[in-house]
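Asks: With the sequence up front, the predicted model follows.
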Amino acid sequence: MFKNLNRFALMAMMAVAVVACKDEPTPTPDPGPDNSLVRIEGEITSNLTLDASKKYLLVGKVFVQAPNTITIPAGTVIFGDKDTKAALIINRGARIVANGTASNPIVFTSEAPAGFRNRGDWGGIVICGNALTNGNANSTIEGIAASTGENGVYGPGSGAAINDQNSGSMRFVRIEFAGVELSPDNELNSLTMGSVGSGTVMDNIMISYANDDAYEWFGGTNNHNYLIAYSTWDDDFDSDRGYAGKVQFGLVVRDANIADKSGSRAFEASSNSNATATPHSLAEFANVTVMGPRVFNTTINANYQAGVEINSNSAIKVRNSIVAGWATGARFNGSGADANITGTLFFRNTANSATSGGASLPANYATNNVLLGDSSIASTVWASAPSFATPNPLLSAGSGVIATGAPALTGFPVSPAYHGAFGTTADAGWNWSSGWIEWNPITKAY
């Protein structure tokens, strides 16, 4: 399962920031041999605990087989091999226990040296469970090609859905430069979840420079708090196949120049193109701050679409959030009848809403949200002019909009008085100044 890597001495290189794209990727130079890395490959068929004093390299698709657990202690750094499109897949019945801390996170990142890391340098993390889906009860997760047996399969299987199923826990984890396109519309995302149950704990996760989606759910009931998506290529929060979990407190920060040819969005909400396939996706998102591309530059990539795109019979709910800086704030496109957005502040969007695919805006949409024009960012909402390099999403104490307050939330642990993920200060759960958040992973020393 393991063996030491033997590599040639690292040649001196100038550190330069790399911006890549799917269609014309910038080659990543061979980082040279690093014999300090410990190799992980193939199938994990017994319980495995890593050692934070060592550094690891995932090679190829690594499957954790049921009923085994991979345990990753705080401070562990795991690199993904580029040549083999490395990925870590937790099969149904297996578990991952990756609990970092606010000051000592667990990091999954590119094996390239500082200055040469690039989106798409490795595959990402996939977690499979036995909770609900409106697809096949034994579905193979997107991006897992030529799998056999249980590898990459999600859904209830031959039994009833286990909606409180437990695939383990991930806390204070960063996932960087992940996501690979295996074929058109068949990609591994940075973090992909298939039918993951509510017994799984996944909080305080930061995904940066995702080469496809940052987070994607195919069915499942798992819940989350404090999710960050930074400089995603495609969609930040992609829900599909009946996902029915709840996410509270999220931050999206988009690069004005980077978007996918398929159309990039903060939320892409789907369920199933077959309206009779049930259950429909019932994802609920609350207190999410979306700093879209026009927040940082009025000239944006033409592939940017809506901040919130609701289609394929999804009944998603977005509540008490901020959606700013998009060509369209929210588009209802063939959405389910119960889809809704409430208590949300829209501004600096070319248009705040649109409909297509036979859908219409929910009743009282205009009065249930705060719809502003393309107004000044600093004086209207945020305490200071936002910077993509070091985002500051804290709200302005003097803003009349903020003083109005957000409506009360039900069904979530807390109900902040403000729109979005932040008030005038960061909620304690963000641990905003701690080491788990990193805005410049391209040049970070690991």
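Replies: Yes, it's here. Numbers count the residues shown, from 1 in each chain.
Asks: What ranges does the stretch 301-446 of the chain have for its helices?
Replies: For the stretch 301-446 of the chain, the helices defined by DSSP state H, counting those that start in this stretch cover 365-368, 377-380, 400-404.
Asks: Report the distance from the first one to the chain centre.
Replies: In other words, helix 365-368. 28 Å (CA atoms, centre = their mean, to the nearest Å).
Asks: how about that helix: buried residues?
Replies: For helix 365-368, burial by neighbour count (16 or more other CB atoms under 10 Å) applies to 365, 368. All C-beta spots, glycine's among them, are computed from the backbone N, C-alpha and C.
Asks: tell me which strands and helices that helix is in contact with?
Replies: Applying 3 or more CB pairs under 8 Å, 6 or more residues apart in numbering; DSSP states H and E, one finds that helix 365-368 makes contact with strand 340-342.
Asks: strand partners of the strand it packs on, parallel vs antiparallel please.
Replies: strand 317-319 (parallel) (DSSP bridges).
Asks: contacting residues around the strand it pairs with?
Replies: Under the criterion CB atoms under 8 Å, 6 or more residues apart in numbering, residues 267, 282-288, 308, 330, 339-344, 409 lie in contact with strand 317-319.
Asks: mind listing which of those residues are in strands?
Replies: 267, 284-288, 308, 330, 340-342 (DSSP state E).
Asks: Quick one, which of those residues are buried?
Replies: Here, 16+ other CB under 10 Å leaves 267, 284-288, 308, 330, 340-342 buried among the ones in strands among the contacts of strand 317-319.
Asks: how close does residue 434 get to residue 203?
Replies: Distance from residue 434 to residue 203, counting by CB to CB, to the nearest Å: 14 Å.
Asks: Have a look at those two and say which one is more surrounded.
Replies: residue 203 (18 against 14; other CB atoms under 10 Å).
Asks: Please name the bridge partners of the more buried one.
Replies: Bridge pairing for residue 203 - DSSP bridges - gives residue 171.
Asks: Where does pLDDT dip in this structure?
Replies: 1-35, 145-147, 182-185, 376-379, 400, 403-404 (pLDDT under 70).
Asks: who's in contact with residue 327?
Replies: 294, 300, 304-306, 349-351.
Asks: let's see it at 6 Å
Replies: Residue 327 makes contacts with 304, 350, as judged by CB atoms under 6 Å, 6 or more residues apart in numbering.
Asks: Can you give the contact residues for stretch 331-344?
Replies: 280, 306, 309-311, 313-321, 330, 354-357, 359, 362, 368-369, 406-407.
Asks: what about residue 299, neighbour count?
Replies: The number of residues near residue 299, taken as other CB under 10 Å, comes to 9.
Asks: Also residue 165?
Replies: The burial count assigned to residue 165 is 22, neighbours taken as other CB under 10 Å.
Asks: how about the spatially closest residue to it that is not a sequence neighbour, what does it touch?
Replies: Nearest non-adjacent residue to residue 165, counting by CB to CB, 6 or more residues apart in numbering: residue 197, 2.9 Å away. Shown in contact with residue 197 (CB under 6 Å, 6+ apart): 129, 131, 162-165, 221.
Asks: wait, doesn't residue 108 sit right on residue 77?
Replies: No: using CB atoms under 6 Å, residue 108 is not in contact with residue 77, being 8.2 Å away.
Asks: Would you confirm that residue 199 contacts residue 164?
Replies: Yes: Residue 199 lies in contact with residue 164 (CB under 6 Å); the separation is 4.8 Å.
Asks: Would you mind telling me which of those two has more residues around it?
Replies: Comparing residue 199 with residue 164 by neighbour count (other CB under 10 Å), the higher total belongs to residue 199, at 17 against 12.
Asks: Okay, and the more buried one sits in which element?
Replies: Counting by DSSP states H and E, no helix or strand carries residue 199.
Asks: Residue 96 too?
Replies: Per DSSP H and E, residue 96 falls inside strand 95-99.
Asks: now what about that strand, what contacts it?
Replies: Contacts for strand 95-99 (CB under 6 Å, 6+ apart): 69-72, 90, 106, 167-171, 173.
Asks: Next up, the contacts around residue 257.
Replies: By CB under 6 Å, 6+ apart, the neighbours of residue 257 are residue 301.
Asks: Quick check: it vs residue 309, distance?
Replies: For residue 257, the distance to residue 309 (CB to CB) stands at 20 Å.
Asks: What of residue 109?
Replies: Distance, residue 109 to residue 309, by CB to CB: 29 Å.
Asks: Can you flag the buried ones in the contacts of stretch 331-344?
Replies: Buried, going by 16+ other CB under 10 Å: 280, 306, 309-311, 313-321, 330, 354, 359, 362, 368-369, 406, out of the contacts of stretch 331-344.
Asks: Fine, thanks again, bye for now.
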